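In: Sharing a sequence plus its predicted fold:
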Amino acid sequence: MKLIFCIDDKSGMMFFGKRQSQDQNLREWILNYAQGSKLWMSPYSAKQFGNNASVLADDDYMGKAEENDVCFIEDGSFSTDNANEIVLCKWNRHYPADKFFDTDLKASGFKKVKTEDIAGTSHEKITIETYRR
């Protein structure tokens, strides 16, 4: 399973139950990344993707996702136990946060295999780091 997270410079993900930010170019990147796989997320996250047929929204998306599926995680609880790849989309800014990505990737057996920067519509640069077990 592949997991995608958006985080700020201090690994923050959300503040008072709301995403810190969103970006149209990053949404397109996520859709392209997940092409050929099922793309799961919460109904909250799916709202920013509109009525895209590629997006599967369910409150229990982590439980329904299978080995080769992709999960975009913003809200709710998560586990990296079944993940073979984690993608961190970094806003390169510090936002207020009360929910954090607090997984120690190295201790969990992940290694960084790729870093790329994309130009966003709301952010000049979004850094995308890919980690694999």
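Out: Sure, I can see it.
In: Just give me the neighbour total for residue 51.
Out: As a burial measure, residue 51 scores 6 neighbours (other Cβ atoms under 10 Å). C-beta: built from backbone N, CA, C; applies to glycine.
In: Contact partners for it?
Out: When contacts are counted by Cβ atoms under 8 Å, 6 or more residues apart in numbering, residue 51 touches no other residue.
In: Look up phi and psi at it.
Out: phi -100, psi 50 (degrees, to the nearest 10).
In: pLDDT wise, what is it at?
Out: Listed pLDDT for residue 51 reads 89.
In: just residue 77 next, same as before
Out: According to the prediction, residue 77 has pLDDT 86.
In: do the same with residue 34
Out: Note on residue 34: pLDDT of 97.
In: Check the gap between the residue lying closest to it once chain neighbours are set aside and residue 104 for me.
Out: Among residues not flanking residue 34 along the chain, residue 70 sits closest, at 4.2 Å (Cβ to Cβ, 6 or more residues apart in numbering). To residue 104, residue 70 is 22 Å away according to Cβ to Cβ, to the nearest Å.
In: one step back: ok, now which ones touch the residue nearest to residue 34?
Out: Neighbours of residue 70 in contact, by Cβ under 8 Å, 6+ apart: 1, 2, 3, 4, 33, 34, 37, 38, 39, 40.
In: Drop anything exposed from those residues.
Out: 1, 2, 3, 4, 33, 34, 38, 39, 40 (16 or more other Cβ atoms under 10 Å).
In: Among these, which ones are in helices?
Out: residue 33 (DSSP state H).
In: What segments of the chain are strands?
Out: Ranges of strands in the chain, per DSSP state E, are 2-7, 12-15, 18-19, 39-41, 55-57, 70-73, 85-90, 99-100, 111-118, 126-132.
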